[in-house]
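Undergrad: I'll drop the sequence and a predicted model, then ask my questions.
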Amino acid sequence: MRPSRRIAVKVAAALAALYLAALAGLYTIMCQPPEVFGGIMRHVPDLAFMVFPFRPLWLRARAGNLKVGDAAPDFTLETQDKKSRVQLSSFHGVKPVVLVFGSYT
């Protein structure tokens with residue numbers, strides 16, 4: 001094999017290894033709690049969203065393990081006026097609850 005070809009193969013292998021390491025790092029970040037994930041992702045350049053398969057990684061990292069019919073995990077949230085907290089389990093058997101997660105900005 002010619003030296004220039006050997007160098008090209010080594011460079012391609014190094015780039016592939018870096019890409020795979022970055023994918024693993026991105027997946028690990030996606031598995032973190034939202035406040036950690038958001039704090040890190042705000043520093044990621046927009047170009048990364050074109051280079052990496054963000055959506056499939058996100059769907060895999062956030063898939064969870066709930067099945068249809070499972071009880072929703074209990075959690076506590078602050079009210080909009082920030083004066084009190086509400087716990088999901090406090091509504092159990094009292095009235096139906098609809099959870100909507102999304103951005104309203």
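TA: Now that the structure is in, tell me what you want to look at.

Undergrad: For the rest of this, base every contact and every neighbour count on C-alpha atoms.
TA: Noted.

Undergrad: which residues touch the residue nearest in space to the middle of the chain?
TA: Closest to where the C-alpha atoms of the chain average out (Cα atoms, centre = their mean) is residue 30, at 3.1 Å. Contacts here follow Cα atoms under 8 Å, 6 or more residues apart in numbering; on that basis residue 30 touches 37, 57-58, 61-62.

Undergrad: Please identify the buried residues of the helix or strand encompassing residue 59?
TA: If you go by DSSP states H and E, residue 59 is part of helix 54-61. Of all the residues in helix 54-61, those buried under the rule 16 or more other Cα atoms under 10 Å are 57, 61.

Undergrad: Each with direction, which strands does the helix or strand following it pair with?
TA: With elements assigned by DSSP H and E, the helix or strand that comes after helix 54-61 is strand 76-78. Strand 76-78 has its sheet partners listed here by DSSP bridges as strand 85-87 (antiparallel).

Undergrad: what's the distance between the partner strand and the middle of its chain?
TA: 25 Å (Cα atoms, centre = their mean, to the nearest Å).

Undergrad: and if you look at stretch 19-34?
TA: What separates the centre of stretch 19-34 from the centre of its chain is 8 Å, taken as Cα atoms, centre = their mean.
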